[in-house]
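Q: Sequence and predicted model, in that order:
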Amino acid sequence: MRILTEEDVWSAVRGGSVFASGGGGWVDHGLQIGNAAVSIGQPKLVSVDELPDDAIIITATAIGAPAGTDWQMLGTDYIKAVKLLQENFEGKVVGIMTPQNGMSSTINGWLPAALLDLVVVDATGDIRAHPTGKMGSMGLAARQDYETIQVVVGGKRDNGSYLELVVKGSPAKTSNILRTAADQAGGFIASARHPLPASYIKEHAAIGGISIAIELGKAIIAAQPQGGEHVIATIVQHTKGTVLGKGIVTKRDVHYSGAFDIGTITVELPEGSLTLHVMNEYMAVDDQDGIRLTTYPDVITTLSAETGLPVSVGHVEVGAELAVFSIHKSLIPLSSSVKDPTVYPEVEKALGIALADYALDGI
């Protein structure tokens with residue numbers, strides 16, 4: 001167990017931005033929520049092994065499309081979501097985890113943990129960011145025997161889009177309801193969900209996901225004064241990942257639909273091109289011949305050639321020079337979510353490409 005600090009906030013945002021895979025929130029939002037957490041309290045990061053098997057852990061997150069522009073999420077929304085879950089759960093909540101790393105999602109639970117005397121659990125529902133709640137539910141998506149509680153809070157107060165919603169039922173059905181609520185709230189909303197015993201987290205989560213992001217972030221911050229090329233080299237060396245190519249963005253065909261950003265981004269290389277398939281996050285990359293180069297749950301990230309820092313889908317512009325970077329799934333901890341074949345069909349349908357055949361191969 002250790003106290004999370006302002007240095008950890010910056011490191012979590014920088015490292016989480018790589019695992020964000022083009023989504024996972026916003027840098028400014030992550031810094032704002034994280035600095036609020038370490039200012040009002042002393043959030044504690046604990047290994048799940050430090051908790052008894054029956055300690056209840058919940059997941060705190062934000063749901064929606066990172067490129068959405070009509071949303072409002074305040075720090076109090078994250079806190080209210082956790083409080084509402086506690087009020088509707090017959091038991092004591094001990095810790096909070098995040099379903100994914102990201103530009104802000106690595107820090108999802110730090111503020112309510114600091115204020116409500118809970119611990120931040122060093123585990124993630126998925127080491128990288130993903131488009132659907134089912135992909136971060138640690139194998140719960142297909143279970144009919146588990147009744148979950150899911151809460152969402154957020155939206156603009158001044159235009160009537162603010163919502164508070166508590167739903168109980170199967171993870172699959174309640175996740176769909178929450179996605180609709182995010183859309184109605186303007187595109188993004190704060191959430192708390194899935195009270196589970198630590199024994200389940202130990203078996204099904206991506207263990208150490210927060211520490212992995214923080215350590216990568218420290219390396220990135222140390223490399224920044226030496227320029228963008230050095231930052232990219234540091235990311236590659238630290239993660240054992242691969243730069244698939246560096247080139248100019250020639251096409252950005254991404255549109256908002258039902259709280260998702262869906263489409264493709266084309267990067268022209270000196271020889272050939274890369275097509276990045278987007279559903280909030282980068283889910284796959286094909287070369288100019290349609291040959292698949294990398295697929296979820298691989299980490300897939302665009303890095304600025306100028307700064308070396310990750311560039312989210314919402315900030316990719318035609319004419320920008322980017323490096324397309326990937327970490328193979330064999331090099332990262334995988335949760336039960338990514339091994340669950342039921343989480344893929346809706347994403348494959350939305351994108352019009354195959355994912356499961358690649359994702360499930362060898363795991």
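A: Nice, thanks for sending it over.
Q: Could you report the pLDDT at G139?
A: pLDDT for G139: 92.
Q: quick one: least confident helix or strand in this structure?
A: helix 171-184 (a mean of 88; mean pLDDT, DSSP states H and E).
Q: now the next helix or strand along the chain from that helix against helix 171-184, angle please.
A: The helix or strand immediately downstream of helix 171-184 is strand 188-197, counting by DSSP states H and E. Orientation check (axes from the mean of the first three to the mean of the last three C-alpha atoms, to 10 degrees): strand 188-197 against helix 171-184 gives 160 degrees.
Q: just checking, what packs against strand 188-197?
A: Packing partners of strand 188-197 (3 or more C-beta pairs under 8 Å, 6 or more residues apart in numbering; DSSP states H and E): strand 56-64, helix 75-87, strand 148-154, helix 171-184. C-beta: built from backbone N, CA, C; applies to glycine.
Q: what is the rounded mean pLDDT of it?
A: 95.
Q: Between helix 75-87 and it, find me the angle.
A: Going by the same axes, to 10 degrees, strand 188-197 makes 30 degrees with helix 75-87.
Q: would you put the C-alpha positions of strand 188-197 in CSV?
A: Provided in CSV are the C-alpha atoms of strand 188-197 (Å, rounded to 0.1, in the frame of the first residue of the first chain):
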residue,chain,number,x,y,z
PHE,A,188,-20.2,11.1,-21.7
ILE,A,189,-21.2,10.3,-18.1
ALA,A,190,-19.6,9.1,-14.9
SER,A,191,-20.3,5.6,-13.6
ALA,A,192,-19.9,3.2,-10.8
ARG,A,193,-20.7,-0.5,-11.2
HIS,A,194,-20.1,-4.2,-10.6
PRO,A,195,-19.6,-4.8,-6.8
LEU,A,196,-17.3,-7.9,-6.7
PRO,A,197,-15.3,-9.7,-4.1
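Q: Using the three-state scheme, assign the residue lying farthest from the centre of the chain.
A: Largest separation from the mean C-alpha position in the chain: E271, at 32.1 Å (C-alpha atoms, centre = their mean). Following DSSP: H, G, I helix; E, B strand; the rest coil, we place E271 in the coil state.
Q: How much space separates it from D289?
A: Noted for E271: a distance of 12 Å to D289, by C-beta to C-beta, to the nearest Å.
Q: picking up where we left off before, output the helices and strands packed on strand 188-197 in TSV, with mean neighbour count and distance to T295 appended to each entry.
A: As requested, the helices and strands packed on strand 188-197 are exported to TSV (neighbours: other C-beta atoms under 10 Å; distance: least, C-beta to C-beta, whole Å):
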stretch	mean neighbour count	distance to T295
strand 56-64	26	23
helix 75-87	21	32
strand 148-154	26	28
helix 171-184	20	22
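Q: mind giving me CSV with these and columns for distance to Q42?
A: Shown next, in CSV, are the helices and strands packed on strand 188-197 (distance: least, C-beta to C-beta, whole Å):
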stretch, distance to Q42
strand 56-64, 18
helix 75-87, 16
strand 148-154, 24
helix 171-184, 30
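Q: Compare those and give me the one nearest L216.
A: strand 56-64 (20.4 Å; C-beta to C-beta).
Q: Would you mind pulling up the elements that that closest one packs against?
A: helix 75-87, strand 93-98, helix 171-184, strand 188-197, helix 198-204.
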